[in-house]
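A.B. asks: how would this look folded up:
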Amino acid sequence: MRRTFSIHFIKKYPIGYVLLWRPKDTKPHRYLEGQTHLSDFSGSKKEPDYYLLDGQQRLTSLLKIKNGEIKVYFNLESEDFHLENRVIKSDPKWVLVSDIWKHDINKIVSELSTKLGINSGEIYTNYFYRIKRLEEVLDSKLPAYELREDDYAKITEIYMRLNSKGVRLKKAELFFALAVLKIPDEFRRKLEILHEEFEEWDLDMNFYMRCFTCMATGQSKFEALREYLNKTPKNESLRILDDLLEYLKPTFNLLNTYLGLTDDKARVILPSETALIPLLLYIYRKRGTIKNDTEMNKLIYWFLMASFWGRYSGATETKLDDDLGH
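C.D. replies: Next up, the predicted model:
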């Protein structure tokens, strides 16, 4: 947690709006890190009424600090914040924030009195107000802006605009968000199956989304997915993911059979996973049927040369589009 972020909270400085989306119906969702479920007043689990579009990092940081997963300390003298280290941990004037939020303030005062070797009256006189202000952080009210909108395209556009500034998300993650909003559970579940099936090859979201884009649109730029997902029936989009699973298998089998390339070796000697994409697309378009050894040898030769010369080391999308057109 950045020092400035902590000070903004304790000094009541503004930290920006939290953007909430309230759709008419419950949508598939995931919780913040550290959050396991939502409860109503009776303690029973409930579905969320709102979904968080912006503010996740701020709220996740607070939740992790509250649970002690991120160990942040507060200095009673300077009112600075710092992550745990050996020196700070051994200094009694640095107090663990999660302890202040977890325990009664009188218990904190009693423990400080013992650690600092001074009476409770001095603790109350010198530090009580500072501890109390930090304790009240969890009662702070964050300004929230509520969206009531059931147009997935608009919600996704808002999400993408918000996340294209500051710490930039990969395009693949943004367009994955678009796909999940358009095709909620199924798209995420099929990508999880892909990840589990080829986990040993150490492929990431960017690779699978790029493959999906190329197979679905015939071009490599993620931007092409926006129109595709808006116009294409859900079942057809999901079929592309099934095809991706089906034809990645012979792609890797081919590399293993002709080059002896296995998942463990690929992590060491494969310069770029991008070279796998045209190979996959070729096998996909041929529906897994390679006519003869001459065609196979040309395919293997192309893959070796593309990998050896680092064909996709720069201007990746331009070169991919050129290769997909042949």
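
A.B. asks: now the stretch 101-250 of the chain, which segments are flagged as low pLDDT?
C.D. replies: 150-185 (pLDDT under 70).

A.B. asks: what ranges do the helices span in it?
C.D. replies: 105-116, 120-135, 152-163, 171-182, 184-197, 205-217, 224-231, 234-259 (DSSP state H, counting those that start in this stretch).

A.B. asks: May I see those helices arranged in CSV, with distance to Lys141 and mean neighbour count as well?
C.D. replies: Glycine gets a C-beta too; all of them are placed from N, C-alpha and C. As requested, the helices of the stretch 101-250 of the chain are exported to CSV (distance: least, Cβ to Cβ, whole Å; neighbours: other Cβ atoms under 10 Å):
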stretch, distance to Lys141, mean neighbour count
helix 105-116, 21, 15
helix 120-135, 15, 15
helix 152-163, 21, 16
helix 171-182, 28, 20
helix 184-197, 31, 15
helix 205-217, 35, 21
helix 224-231, 36, 16
helix 234-259, 40, 16
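
A.B. asks: would a markdown table of these with distance to Trp309 be doable?
C.D. replies: Below are the helices of the stretch 101-250 of the chain laid out as a markdown table (distance: least, Cβ to Cβ, whole Å):
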| stretch | distance to Trp309 |
| --- | --- |
| helix 105-116 | 64 |
| helix 120-135 | 58 |
| helix 152-163 | 35 |
| helix 171-182 | 25 |
| helix 184-197 | 29 |
| helix 205-217 | 20 |
| helix 224-231 | 27 |
| helix 234-259 | 16 |
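
A.B. asks: Lys132 contacts Ile105, doesn't it?
C.D. replies: Yes: between Lys132 and Ile105 there is a contact at 6.6 Å, judged by Cβ atoms under 8 Å.

A.B. asks: Please name whichever of the helices of the stretch 101-250 of the chain is nearest to Val97.
C.D. replies: Closest to Val97 of those is helix 120-135 (Cβ to Cβ; 6.8 Å).

A.B. asks: what angle sits between the closest one and helix 105-116?
C.D. replies: 120 degrees (axes from the mean of the first three to the mean of the last three Cα atoms, to 10 degrees).

A.B. asks: Tell me which other helices or strands helix 120-135 touches.
C.D. replies: Using 3 or more Cβ pairs under 8 Å, 6 or more residues apart in numbering; DSSP states H and E, the elements in contact with helix 120-135 are helix 97-102, helix 105-116.

A.B. asks: Let's have those helices in TSV, adding distance to Leu53.
C.D. replies: As requested, those are exported to TSV (distance: least, Cβ to Cβ, whole Å):
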stretch	distance to Leu53
helix 97-102	26
helix 105-116	35
